[in-house]
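Visitor: Return a 3D structure for these sequence lines:
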Amino acid sequence: MRKKTGDKIFITNGKGNLFECEIETQLGTLCEVKVIKETFTPLYSKEIHLAVCPTKHSDRFEWFLEKATEIGLSSITPIRAARSERKEVKRERLERIVQSAMKQSLRTYLPAVNETTILSDFLNIYFYGNKLIAHCENSQKYPILQAIDPDKNTLILIGPEGDFSEEEIKMAMAKGFKPVTLGDQRLRTETAALLACVLTNTVYGSF
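Guide: Residues are numbered from 1 along each chain as shown. Alright, predicted model coming up:
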């Protein structure tokens, strides 16, 4: 809004392309630009897909999504589990948050925001790569840093504040998900999801 004719701006299509442009004409809040230079940034790592149960308070889930986009995330799927406190989220609002975070952090890849999906249905979706489920049950779990193969894409399930049920954990494991731990501390949903994003990016060498 502060730019004027002759100023340069940067535009991205969210698919790795960055366009350096010059404003030629202004039409109220709209403008026409001329592309001066185009560059393409290849993906810096494998894909990271987080499937997370929305938090009771929507601002906490939105905060997580904003920060995960800044750190590096390929796609997000809100999931509904047995103990979920929030059943639905506004997809359009989440998409706006992701777009804003992408531009603010100067990233050229826009994470996909998928429709809210029931956990049992989500588990039937085919995914090739690391399939992990983080939970708090007192059972055998692998440290997440050791469970990720850096040569494969990664999908991580993060449950609600009350955690996944024992039945849901068994169902996920039957679908090939490996149980992992994020540490000894008991974390809020949004904290666990963000930490999972950070640790996965660390394995991929994105930092």
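Visitor: Please point out which parts of the helix or strand containing residue 64 sit buried.
Guide: Per DSSP states H and E: residue 64 is located in helix 58-71. Neighbour-count burial for helix 58-71, counted by 16 or more other CB atoms under 10 Å, picks out 61-62, 64-69, 71. From N, CA and C alone the C-beta is placed, and that goes for glycine too.
Visitor: what about the strands in this protein?
Guide: 8-12, 17-27, 30-40, 48-52, 75-80, 112-113, 117-118, 130-134, 142-143, 154-158, 178-181 (DSSP state E).
Visitor: With mean neighbour count, distance to residue 92 and mean pLDDT added, can I get these in CSV?
Guide: Shown next, in CSV, are these (neighbours: other CB atoms under 10 Å; distance: least, CB to CB, whole Å; pLDDT from 0 to 100):
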stretch, mean neighbour count, distance to residue 92, mean pLDDT
strand 8-12, 14, 20, 92
strand 17-27, 13, 24, 92
strand 30-40, 11, 21, 93
strand 48-52, 25, 18, 98
strand 75-80, 21, 13, 97
strand 112-113, 18, 9, 97
strand 117-118, 14, 17, 97
strand 130-134, 23, 28, 98
strand 142-143, 12, 37, 97
strand 154-158, 27, 22, 98
strand 178-181, 18, 32, 98
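Visitor: JSON lines please, covering those and showing distance to residue 104.
Guide: Formatted as JSON lines, these follow (distance: least, CB to CB, whole Å):
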{"stretch": "strand 8-12", "distance to residue 104": "12"}
{"stretch": "strand 17-27", "distance to residue 104": "15"}
{"stretch": "strand 30-40", "distance to residue 104": "19"}
{"stretch": "strand 48-52", "distance to residue 104": "19"}
{"stretch": "strand 75-80", "distance to residue 104": "17"}
{"stretch": "strand 112-113", "distance to residue 104": "17"}
{"stretch": "strand 117-118", "distance to residue 104": "28"}
{"stretch": "strand 130-134", "distance to residue 104": "27"}
{"stretch": "strand 142-143", "distance to residue 104": "32"}
{"stretch": "strand 154-158", "distance to residue 104": "24"}
{"stretch": "strand 178-181", "distance to residue 104": "30"}
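Visitor: Contacts only, for residue 202.
Guide: Residues counted as contacts of residue 202 (CB atoms under 8 Å, 6 or more residues apart in numbering) are residue 145.
Visitor: rerun that using 10 Å as the cut-off
Guide: Residues near residue 202 by CB atoms under 10 Å, 6 or more residues apart in numbering: 144-145, 148, 150.
Visitor: And those, which of them are buried?
Guide: By 16+ other CB under 10 Å, these give 144, 148 as buried.
Visitor: okay, the contacts of residue 202 in a markdown table with distance to residue 123 next?
Guide: A markdown table is the format used below for the contacts of residue 202 (distance: CB to CB, whole Å):
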| residue | distance to residue 123 |
| --- | --- |
| 144 | 19 |
| 145 | 24 |
| 148 | 19 |
| 150 | 24 |
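Visitor: Just the contacts of residue 202: which are in helices?
Guide: Under the assignment DSSP state H, the contacts of residue 202 contribute 144-145 to helices.
Visitor: Of the contacts of residue 202, just say which sits nearest to residue 46.
Guide: Distance to residue 46, by CB to CB, is smallest for residue 150 among those, at 7.3 Å.
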